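> Below are the sequence and a predicted model; questions follow.
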Amino acid sequence: MKPVQMRDSGGKTLAFAGFSLEPRRRRLTGPDGAEIPLQPRVFDLLMLFLARPGELLAKTEIMAAIWPDTTVEENNLNQAVSALRRTLGDSTAQPRLIATVPKRGYQFIAPVEPVENTPRFALPRRAARIATGIAAGAALAAAAGLALWTALPGGPAPAPAIDETLAGRAETASEAAYDHYLLGNAYLAQSGVPMLHAAVEQFRKAVDIDPGYGAAWAAMARAADGLEVEEPQFADQHHAMQREAVARAAETAPDEWETTAVRARLLMRERRWEDAARILQEANAKGAPSPVEAAEIEGVFLMHTGRPSEALALFRAGRRADPLSFTMSARLAWAMELTGNREGALAEYAHAQTLPGDETAWAFQHLVRLLESGDRRAVESYLRNYPYSEDGTAAVMHQLSEVWRSPSDALAVLWVAHDSGQVRGPHRLDALALLAAHYGYNELALQMLREEFFARNGGSTAHLWNPAMRTLRRTEGFKTLVRDLGFAQYWRETGDWPDFCQPVDESDFTCR
């Protein structure tokens, strides 16, 4: 994809309505200084608007600039604009930033001012917590003073150097290793396969300099886990890297909570549920994690193993500790939905949508939530304004927007999406399975789940406990699936039965 050509800003940051965009780094920050992730095409769209503020840009002109080598429909542009508006907190009815000129195009109406860049780099919240070993977000305010320059994928960008006042260097005496570690975390905070590979490269450089750098090994394990899902064709290679990184993290930083987290993620990936539960219990015995840490790993483990009623309290605590986290709010809505509080889930997810974050991974799940609620107006609105994405998800949503009231027509859309491989990326096929189950097509839902869990080695087993799966859970096919996933053995050996299944005798169980 070619980057949008902007008028030269003299290397300066472009400021508008409290936001700041750094073109060379392809980085957007909000009024609170936090970095805001954007899909690549949506970022290019914002760059184009900021390059030409006040000008009426025809739709054809915009599409030619954003998709220079691809023929796209106007709907792609509409979805990209909707996603950008949602991220910036703008509205169609009363626009502050992007105005629609009917039948002509769009106009960026807010003032845009170039400002001098400062050699500083906002440390991602997760990187700050890992680097300092304290509760999530505590080091964020201390992150500053970073000036080493390098290149990000897609264009020149600054890489973080070390500020002598920055806390969190206890695990390594090497400034160079710490520098690579911070840059790796900056990449890891972004989305997409190139960023994950770039993160691995930086973490590898960090541990080459200091082989005893436990935090860098743990971060490499997280990046490898992401690659295993994003690139299933190289799953064996990425899994081997994840295992190596987890083993080295356990050797060099055995008592760090992040080490516990990556060990648990690896065991969950390998479906060794009892072992994952054991190391979480051992870690808790050594010292309680922060509320955010507990939600991020213990809460997710409980959701995957079918115990959302226990996860709910952890997500509530995590939300209180990190109230500006889109992911934490979305997870709380997730737990509310699975525990039968749909009204609360809808309200909480509405709150999440006001926060900076990438909604794409949650979109199918939220659509099913709306479908299950029976609110037709909300369903139609959500499908019309579905977040822009480049993995085919947006196209599926557009097709469903025309036929969602007809189960048979919706089934046809889902079959085409499945057979064509149109929907890619982590947790997409199991999310499509939610839609299939909602419409009562259990055979297709099971097929999609099996393909996602076994052929692609991805997916979220927490989707098994969604209310849309209630009918599927009563089938023999579902019982076979959870046996193959290792759940039945785990439940029976530990007695930690999920909220949705109970033993019948020594060899059988029932689910609802």
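Thanks, I have it. Numbering: from 1, shown residues only.
> can we go C-alpha only for contacts and neighbour counts from here?
OK.
> Can you pull out the low-pLDDT segments for this structure?
1-11, 116-170, 191, 387-392, 421-427 (pLDDT under 70).
> where along it do the strands fall?
For the chain, applying DSSP state E gives strands covering 13-16, 19-22, 27-29, 56-58, 98-101, 105-108, 113-115, 149-152, 155-158, 501-503, 509-511.
> wait, isn't His463 in contact with Ala431?
Yes - counting by Cα atoms under 8 Å, His463 touches Ala431, with 7.3 Å between them.
> wait, which of the strands of the chain is closest to Met47?
The closest of these to Met47 is strand 19-22. By Cα to Cα, the value is 8.1 Å.
> between His463 and Ala431, which one's more packed in?
Here His463 and Ala431 are set side by side on neighbour count (other Cα atoms under 10 Å), and the busier one is Ala431, at 25 against 22.
> measure the more buried one to Leu464 for me?
10 Å (Cα to Cα, to the nearest Å).
> Would you mind putting the strands of the chain into JSON lines with distance to Ala352 and mean neighbour count alongside?
Listed next are the strands of the chain as JSON lines, based on distance: least, Cα to Cα, whole Å; neighbours: other Cα atoms under 10 Å:
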{"stretch": "strand 13-16", "distance to Ala352": "23", "mean neighbour count": "20"}
{"stretch": "strand 19-22", "distance to Ala352": "19", "mean neighbour count": "21"}
{"stretch": "strand 27-29", "distance to Ala352": "18", "mean neighbour count": "19"}
{"stretch": "strand 56-58", "distance to Ala352": "31", "mean neighbour count": "17"}
{"stretch": "strand 98-101", "distance to Ala352": "22", "mean neighbour count": "18"}
{"stretch": "strand 105-108", "distance to Ala352": "26", "mean neighbour count": "19"}
{"stretch": "strand 113-115", "distance to Ala352": "30", "mean neighbour count": "16"}
{"stretch": "strand 149-152", "distance to Ala352": "29", "mean neighbour count": "14"}
{"stretch": "strand 155-158", "distance to Ala352": "30", "mean neighbour count": "16"}
{"stretch": "strand 501-503", "distance to Ala352": "30", "mean neighbour count": "17"}
{"stretch": "strand 509-511", "distance to Ala352": "31", "mean neighbour count": "16"}
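> Out of the ones you listed, which gets nearest to Glu35?
Nearest of these (Cα to Cα): strand 27-29, 4.3 Å.
> which non-adjacent residue is nearest Ile297?
Spatially, and ignoring its direct neighbours in sequence, Ile297 is nearest to Ala261 (6.0 Å; Cα to Cα, 6 or more residues apart in numbering).
> The one you found touches Ala295, doesn't it?
No - in this structure, Ala261 is not within contact of Ala295 by Cα under 8 Å, at 10.9 Å.
> For the stretch 101-250 of the chain, which segments count as helices?
125-132, 175-188, 193-209, 214-230, 235-252 (DSSP state H, counting those that start in this stretch).
> Just say which of those is most tucked in.
helix 214-230 (a mean of 27; mean count of other Cα atoms under 10 Å).
> name the helices or strands packed onto it?
helix 175-188, helix 193-209, helix 235-252, helix 257-269 (3 or more Cα pairs under 8 Å, 6 or more residues apart in numbering; DSSP states H and E).
> okay, these in a markdown table with distance to Ala34 next?
As requested, the helices and strands packed on helix 214-230 are exported to a markdown table (distance: least, Cα to Cα, whole Å):
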| stretch | distance to Ala34 |
| --- | --- |
| helix 175-188 | 12 |
| helix 193-209 | 19 |
| helix 235-252 | 28 |
| helix 257-269 | 22 |
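> closest one to Thr327 among the ones you listed?
Nearest to Thr327, of the helices and strands packed on helix 214-230 and by Cα to Cα, is helix 175-188 at 15.2 Å.
> angle of that closest one against helix 193-209?
In terms of direction (axes from the mean of the first three to the mean of the last three Cα atoms, to 10 degrees), helix 175-188 departs from helix 193-209 by 160 degrees.
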